[in-house]
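Student: Pasting the sequence and the predicted coordinates here, then a few questions.
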Amino acid sequence: MTDIDQHNQERHKDNPTVQCDGCEKLYLFGDFPFHLQKHGFFQGFSNGSISQRDIGDEEDTQLDQLLVGSVNFDFNTTWKKSDFLQVQRIQKNTNVDVWLVKIKNTEQLVVYKQMAYYTEKEKLMAHQEKNNLIKIYRKIMQTSSSSSSSSSFIHVIKPLGFFVDTEEFKAYFVLEYCSGGSLNKYIGTMKNSHTTIKVDAAWNMIAQVTLAVNQMHLNGVIIGYINTESILLTSDLQVKLSNFMLNGSLQDGRQIAPANDHSIQYYSPEAIQVLNSQEIEKEKERIDNMRGQQKKQIFTIESDIWAVGIVLFKLLAQKHPFIDATDRKKGITVSEFMYNIVTEQPPELPNNYPENMKNLIKRMLEKDPIRRITAEAILSVPEVAANILRN
């Protein structure tokens, strides 16, 4: 056995691998799609070593089995578009169309995310998003089942299946449906009805959002894309995370994630300081064409906590802490907004909330990431801990 073989055997003994038909070598499942791209596999080969077929077929099924095979995890790769009845469109942008749909034979409501699936880049992105979420969900299932914690609830949207329509050049990623909608919708409903969240409900939401983020961190994932739209609620108002964009892990304490117009609102001061305002302005102009060619930005567990602080401030105050009434009326440039985040302190939260709750959220919005409160410290706050036990 060579030194390299011995290293691979010891270093990756707990990680599933898949063998490439072309070079007959083993690769970690997370690296396999990129290896196939180097082969030119998306276009197929006709030299006898690799047959002409898409990455979405046999090899992808093999990957799916490896990703979910070691836990009780049903992931359907045999569905067709005709198996679903479209109920309502949830979201649409340049390359993605999200629908609430009903599975015809069970009448179960689910969501499918329709993605472009024609170019090599589009195929790679579709499979990368699917494999990332499966890997995360699978890992959390494993740690939750073996944990002594009283809560085994998984705060991540569950992936249910994946299929490709080769005639329409579309991929469909099927996900669980959260009937409570997004936290953004929840806040909007309160705002429109001129009501506010009650103190007990606020403590519960603080506990759940922090638990969700901490669950990701404990499993080696920095989210880098937390906002009120990506936090979904079940029918009983349990929190589920969705729509995060993952390209890295906690191995080096950093996370690479894309920047866009909406996510800038949740950027931490330290993340903004590494960006030039002119670059952000240019990125705003490219928003509609950014998918697949995002500018990369470094995130950390501390920046995730900052984003949680922004989310919870909006939950209590129903406004962004760094966009005041004048800004909302007249508009604010990205440069001005970034300046506010880096230099200004957040305003006071409404007086109908207790001081320890307001101070807790302020500690999440500490400019210095070293002094910013951690998820573990948030979860140890008595009111937060009490809600965890209650759930």
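Tutor: That came in fine, so what should we check first?
Student: so how many other residues sit close to Leu360?
Tutor: 21 (other C-beta atoms under 10 Å). (C-beta placed from N, C-alpha, C; glycine too.)
Student: who are the neighbours of the helix or strand hosting it, in terms of helices and strands?
Tutor: For Leu360, the element it lies in under DSSP states H and E is helix 355-364. Under the contact criterion of 3 or more C-beta pairs under 8 Å, 6 or more residues apart in numbering; DSSP states H and E, helix 355-364 touches helix 199-218, helix 301-317, helix 382-390.
Student: so of those, which one's packed in deepest?
Tutor: Greatest average neighbour count among those goes to helix 301-317 (a mean of 23), per mean count of other C-beta atoms under 10 Å.
Student: what is the mean pLDDT for that one?
Tutor: Mean per-residue pLDDT for helix 301-317: 96.
Student: quick one, what contacts Lys104?
Tutor: Going by C-beta atoms under 8 Å, 6 or more residues apart in numbering, Lys104 touches 83-85.
Student: the strands in the chain, which residues?
Tutor: 17-19, 26-28, 84-92, 96-103, 109-116, 159-165, 170-176, 181-182, 231-233, 239-241, 255-258, 296-299 (DSSP state E).
Student: Contacts for the third one, please.
Tutor: Pointing back at strand 84-92 there. Residues outside strand 84-92 that contact it (C-beta under 8 Å, 6+ apart) are 97-104, 109-112.
Student: same thing but 6 Å
Tutor: Outside strand 84-92, the residues within contact range by C-beta atoms under 6 Å, 6 or more residues apart in numbering are 98-102, 104.
Student: Compare those residues and tell me which is most surrounded.
Tutor: With neighbours taken as other C-beta under 10 Å, the top of the contacts of strand 84-92 is Val101, carrying 23 neighbours.
Student: Where do the domain boundaries of the chain fall?
Tutor: What automatic domain parsing lists as the domains of the chain is 3-176, 181-390.
Student: Comparing these by mean pLDDT, which bottoms out?
Tutor: Note on these: lowest mean pLDDT is at domain 3-176, with a mean of 71.
Student: number of nearby residues for the nearest residue to Ile323 once chain neighbours are set aside?
Tutor: Spatial nearest neighbour of Ile323, chain neighbours left out: Ile332 (6.2 Å); criterion: C-beta to C-beta, 6 or more residues apart in numbering. Ile332 has 18 neighbouring residues, counting by other C-beta under 10 Å.
Student: Can you pull the phi/psi pair for Ile332?
Tutor: Per-residue torsions, Ile332: phi -140, psi 140 (degrees, to the nearest 10).
Student: burial count for the nearest residue to Ala385 once chain neighbours are set aside?
Tutor: Closest residue to Ala385 apart from its sequence neighbours, by C-beta to C-beta, 6+ apart: Leu379 at 6.5 Å. Number of residues near Leu379 (other C-beta under 10 Å) recorded here: 16.
Student: what residues are up against Ala212?
Tutor: Counting by C-beta under 6 Å, 6+ apart, Ala212 makes contact with 155, 239, 241.
Student: how much space is there between Ser182 and Met364?
Tutor: Ser182 sits 20 Å away from Met364, going by C-beta to C-beta, to the nearest Å.
Student: my bad, Val311
Tutor: Here Val311 is placed at a distance of 9 Å from Met364 (C-beta to C-beta).
Student: likewise Gln142?
Tutor: Going from Gln142 to Met364 by C-beta to C-beta gives 29 Å.
Student: Neighbour count: these two, which is higher?
Tutor: Legend: neighbour count by other C-beta under 10 Å for Gln142 and Met364, higher for Met364 (24 against 14).
Student: Contact partners for that one?
Tutor: Contact partners of Met364, counting by C-beta under 6 Å, 6+ apart, are 305, 308-309, 373.
Student: Could you do Ser179 as well?
Tutor: Ser235.
Student: again, only this time at 7 Å
Tutor: Taking C-beta atoms under 7 Å, 6 or more residues apart in numbering as the criterion, Ser179 is in contact with 234-235.
Student: how close does it get to Val111?
Tutor: 11 Å.
Student: Quick one: which of the contacts of Ala212 is the most crowded by neighbours?
Tutor: In terms of neighbours by other C-beta under 10 Å, the contacts of Ala212 top out with Val239 at 24 neighbours.
Student: Figure out the length between the terminal residues of stretch 79-99.
Tutor: Terminal residues of stretch 79-99 are spaced 16 Å apart (C-alpha to C-alpha, to the nearest Å).
Student: Pull out the buried positions in it.
Tutor: For stretch 79-99, the neighbour count (16 or more other C-beta atoms under 10 Å) marks 79, 81, 83-84, 90, 95-99 as buried.
Student: what's the longest helix belonging to the chain packed up against?
Tutor: As assigned by DSSP state H, the longest helix anywhere in the chain is helix 120-146. In terms of contacts (3 or more C-beta pairs under 7 Å, 6 or more residues apart in numbering; DSSP states H and E), helix 120-146 is packed against helix 32-39, helix 58-68, strand 159-165, strand 170-176.
Student: Swap in 8 Å and give it another go.
Tutor: Helix 120-146 is packed against helix 32-39, helix 58-68, strand 109-116, strand 159-165, strand 170-176, helix 199-218, with contacts defined by 3+ C-beta pairs under 8 Å, 6+ apart.
Student: What strands line up against the third one, and which way round?
Tutor: Spelled out, that is strand 109-116. Applying DSSP bridges, strand 109-116 is found paired with strand 96-103 (antiparallel), strand 170-176 (antiparallel).
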